[in-house]
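Participant: generate a structure from the sequence data that follows.
(4 chains)
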There are 2 protein chains.
Amino acid sequence: MFSIGEMSRRTGVKVPTIRYYEGLGLIAPEGRTAGNQRRYGRAGLGRLSFIAHARELGLSLAAVRELIALEDRKPGAHDEIHRIAADHLAGIRGRIARLRRLEAELERIGRACEARAGAPCRILHALADHGACDGAH
Amino acid sequence: MFSIGEMSRRTGVKVPTIRYYEGLGLIAPEGRTAGNQRRYGRAGLGRLSFIAHARELGLSLAAVRELIALEDRKPGAHDEIHRIAADHLAGIRGRIARLRRLEAELERIGRACEARAGAPCRILHALADHGACDGAH
DNA sequence: TCTTGAACCTCTAGTCGCTAGAGAGATTAC
DNA sequence: GTAATCTCTCTAGCGACTAGAGGTTCAAGA
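Facilitator: As a prediction, the model looks like this:
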């Protein structure tokens, strides 16, 4: 049996975060000591690793909750699981696309000012005037 | 003079958000009507456009506050302004790099399951086992 | 001038995913 | 037995809003 600190050490998830996940119903200890301290088993460790890894990959806790529910209720529910993963991947691709547009725009804005001392910075001007932008953002 | 609703229409910033910005000290109305309603002038509209555009480009409100302070206190402070913009650009590039790693990993995980009905989905397995991952994330 | 309806006011609380801290009690190693 | 470390619950804070309650003011038409 593992204490919450041991769980934290093994997964890299901080102690208060584990308790937070418990509050959300994502994980629960197998039991408690006489002194009310949480004790987890192998299954709990696996569950926490799952959550930690999903979070590292950027899935929301709502998505994690959904995946856990699917795993528990209907094992082998490929369609829903693949849909959640595909949605997440699409979200990531959208964010990459948006960030690339921002990157290009900021590069353009940064090049606009030759930094003459005393003159107002062209960057501020470019920020104030959306009409001067290349693409939509 | 513009009402808060007019400001919202012209900049696309929602009314409660304008009030929120006011609470943070980023913008203030030029005055109030006898009935306590906010009234803004051209300068306020410019300021709000600036904030809106900076936000669209992903700058934090803290960065916006810093830029506004620089503009007010020392016009032509190129160095600081360019530094803020460069920091932001570096942050965006870092986020793009991270998202690309996630994208690759999720693609790999998604390909791992051939979706045999009844069998546990390999995606869940891949999520549970960080050791099976290619890169660091 | 009066009335209606839209816009406006302040205030509180909720979102997401944690994180920090207070103050008290439990466990473990020596 | 004692000291050090862990753990407990609870509350509040972060950023950047958003939603809603309950009440007031404005602008336009009759």
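Participant: use CA for all of it now, contacts and neighbours both
Facilitator: Will do.
Participant: all helices for chain A, in order.
Facilitator: For chain A, the helices defined by DSSP state H cover A:4-11, A:15-23, A:42-56, A:61-73, A:78-111, A:122-128.
Participant: OK, contacts around the closest residue to A:G12 other than its chain neighbours?
Facilitator: Once flanking residues are discounted, A:G12 sits nearest to A:A52: 7.9 Å by C-alpha to C-alpha, 6 or more residues apart in numbering or on different chains. A:A52 sits next to A:T11, A:G12, A:V13 when contact means C-alpha atoms under 8 Å, 6 or more residues apart in numbering or on different chains.
Participant: cool, A:H130 as well?
Facilitator: A:H130 touches B:S49, B:H53, counting by C-alpha under 8 Å, 6+ apart.
Participant: need the pLDDT of it.
Facilitator: Looking at A:H130, its pLDDT reads 75.
Participant: which bits of chain A sit near DNA strand D?
Facilitator: A:S3, A:I4, A:G5, A:E6, A:V15, A:R19, A:N36, A:Q37, A:R38 (C-alpha under 7 Å from any atom of the strand).
Participant: so who does the last one touch?
Facilitator: Applying C-alpha under 8 Å, 6+ apart, we find A:R38 in contact with A:S3, A:I4, A:P29, A:E30, A:G31, A:R32.
Participant: which of the residues of chain A next to DNA strand D count as buried?
Facilitator: Applying 16 or more other C-alpha atoms under 10 Å in any protein chain shown to those, the neighbour count classes A:S3, A:I4, A:G5, A:R19, A:R38 as buried.
Participant: so which of those is the closest to B:L106?
Facilitator: A:R19 (27.6 Å; C-alpha to C-alpha).
Participant: could you check how far that closest one is from B:H53?
Facilitator: Distance of A:R19 to B:H53, given as C-alpha to C-alpha, to the nearest Å: 39 Å.
Participant: give me the nearest residue to the spatially most central residue of chain A, chain neighbours excluded.
Facilitator: By C-alpha atoms, centre = their mean, chain A has its centre lying nearest to A:G58, at 3.5 Å. The shortest distance from A:G58 to any non-neighbouring residue, by C-alpha to C-alpha, 6+ apart, is to B:L102 (7.6 Å).
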